[in-house]
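**Q** just to be clear, the model below is a prediction. Sequence and coordinates:
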Amino acid sequence: MSKTYAEQLALAARATEPAIRQAIAAAGLGKNSRGLDAGCGIGTHAIWICEATGGKVTGLDINPDNLAAAGERVERKSLGDRIDFVEGSLLDLPFEKDAFDWAWSCDTFWPVVVADPVAVLQDLARVVRPGGTVAVLFWTNQLFFPGYPLFEARWNQAFVSSTHYFKFGQPGQHHLRALGWLRQAGLENPGAQSFLAEFQQPLDDRMRESLTFCFEMFHDSLESGLSKEDQAEYQRLCTPGSKDFILDNPDYYCNLSYTLFSARVPGK
């Protein structure tokens, strides 16, 4: 893919937005609250949270290019007085105890990034006041190829087998075991809930571009995980201009899901 990383994140955000906005509404972050978006990327979630809560958000990211893009997006939204950004690592939070009402982190707790999720959650809880919320989210599933269930199953299997995000050692490190991480971190009332982003025809040009990017994003991780036949099937179904390009199907429908895991910091 020739796009910059910030451009890639923006394309993915178009597809994930319906699910993420639902998760924000369900997370109970509180009106006029102050929170941390840990691993904020280009600031998309910080903006959505700020809009939903009317409060203030600090975004933390280790990548200065992400933060530069985030700052530009916030200025375009005229939210510079309510959103600020700090360069730093999720693994070493540069904040004082009880600095925030909540902490949010999306698609960051993968094993290749966070070797000890319990320790990182404990540190997130440290910077959140008693009674506040710690929330982590993950992209958990996708159904992109209606009418081709066997190809989709093989494509998903190849993705899970090939991508470094799933190179965890023990079952307890899998992201859908995050309820256990929250409990082990000493947080209270852990819960989980999933949210769908759904798309159907007619698709506008922006969503066609975003979904095409999602196909490419997943496929770029497959390495040699697909057979030659499935590689050819991918090209047939996912290449714009192909006579069988799946987004040209007048009955096209797809969905993807995010799962929110959240808990309360004890002490209030």
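**A** Nice, I can see it. Numbers count the residues shown, from 1 in each chain.

**Q** rest of the way, CA atoms for contacts and neighbours
**A** Will do.

**Q** for the closest residue to residue 11 other than its chain neighbours, pull up the helix or strand it's in.
**A** The spatial neighbour of residue 11 that comes closest, neighbours along the chain excluded (C-alpha to C-alpha, 6 or more residues apart in numbering), is residue 210 at 5.0 Å. Secondary structure assignment for residue 210, by DSSP states H and E: helix 205-219.

**Q** counting contacts, what elements does that helix pack onto?
**A** helix 5-26 (3 or more C-alpha pairs under 8 Å, 6 or more residues apart in numbering; DSSP states H and E).

**Q** which helices and strands does the helix it packs on pack with?
**A** So helix 5-26, by 3+ C-alpha pairs under 8 Å, 6+ apart, packs with helix 44-53, helix 64-76, strand 188-200, helix 205-219, strand 253-264.

**Q** ok, 10 Å please
**A** helix 44-53, helix 64-76, strand 128-143, strand 188-200, helix 205-219, strand 253-264 (3 or more C-alpha pairs under 10 Å, 6 or more residues apart in numbering; DSSP states H and E).

**Q** just the buried residues of that helix, please?
**A** Buried residues in helix 5-26, counted by 16 or more other C-alpha atoms under 10 Å: 6, 8-24.

**Q** likewise stretch 56-66?
**A** Under 16+ other C-alpha under 10 Å, the buried positions of stretch 56-66 are 56, 57, 58, 59, 60, 61, 62, 66.

**Q** take those and keep only those in helices.
**A** Those of the buried residues of stretch 56-66 mapping onto helices are residue 66, per DSSP state H.

**Q** of all the buried residues of stretch 56-66, which two lie farthest apart?
**A** 56 and 62 (20.2 Å; C-alpha to C-alpha).

**Q** does the residue nearest to residue 29 when sequence neighbours are not counted have beta-bridge partners, and which?
**A** Closest residue in space to residue 29, ignoring its immediate chain neighbours: residue 102 at 6.4 Å, by C-alpha to C-alpha, 6+ apart. For residue 102, the beta-bridge partners are residue 35, residue 133 (DSSP bridges).

**Q** so residue 102 sits against residue 32, correct?
**A** No - assessed by C-alpha atoms under 10 Å, residue 102 is found out of contact with residue 32, at 11.6 Å.

**Q** neighbour-wise, which of the two wins?
**A** More crowded of residue 102 and residue 32, by other C-alpha atoms under 10 Å: residue 102, with 29 against 13.

**Q** how about low-confidence regions in the stretch 101-250 of the chain?
**A** Residue ranges of the stretch 101-250 of the chain with pLDDT under 70: 163-169, 221, 223-224.

**Q** ok, 90 please
**A** Within the stretch 101-250 of the chain, the stretches with pLDDT under 90 are 109-115, 155-175, 216-227.

**Q** from residue 154, how far out is residue 161?
**A** For residue 161, the distance to residue 154 equals 10 Å [C-alpha to C-alpha, to the nearest Å].

**Q** shared neighbours of the two, which are they?
**A** residue 225 (C-alpha atoms under 10 Å, 6 or more residues apart in numbering).

**Q** burial measure for residue 260, as a count.
**A** The burial count for residue 260: 28, using other C-alpha under 10 Å.

**Q** spit out the contact partners of the residue nearest to residue 11.
**A** Per C-alpha under 10 Å, 6+ apart, neighbours of residue 210: 8, 10, 11, 12, 13, 14, 15, 16, 216.

**Q** tell me, how many residues neighbour the residue nearest to the fifth one when sequence neighbours are not counted?
**A** Right, residue 13. Spatial nearest neighbour of residue 13, chain neighbours left out: residue 44 (7.4 Å); criterion: C-alpha to C-alpha, 6+ apart. Using other C-alpha under 10 Å, residue 44 has 19 neighbouring residues.

**Q** for the one 3 residues further on, same thing?
**A** Neighbour count for residue 47, taken as other C-alpha under 10 Å: 20.

**Q** repeat that for residue 72.
**A** 14.

**Q** what's near enough to touch residue 58?
**A** 34-38, 40, 43, 46, 50, 82-86, 100, 103.
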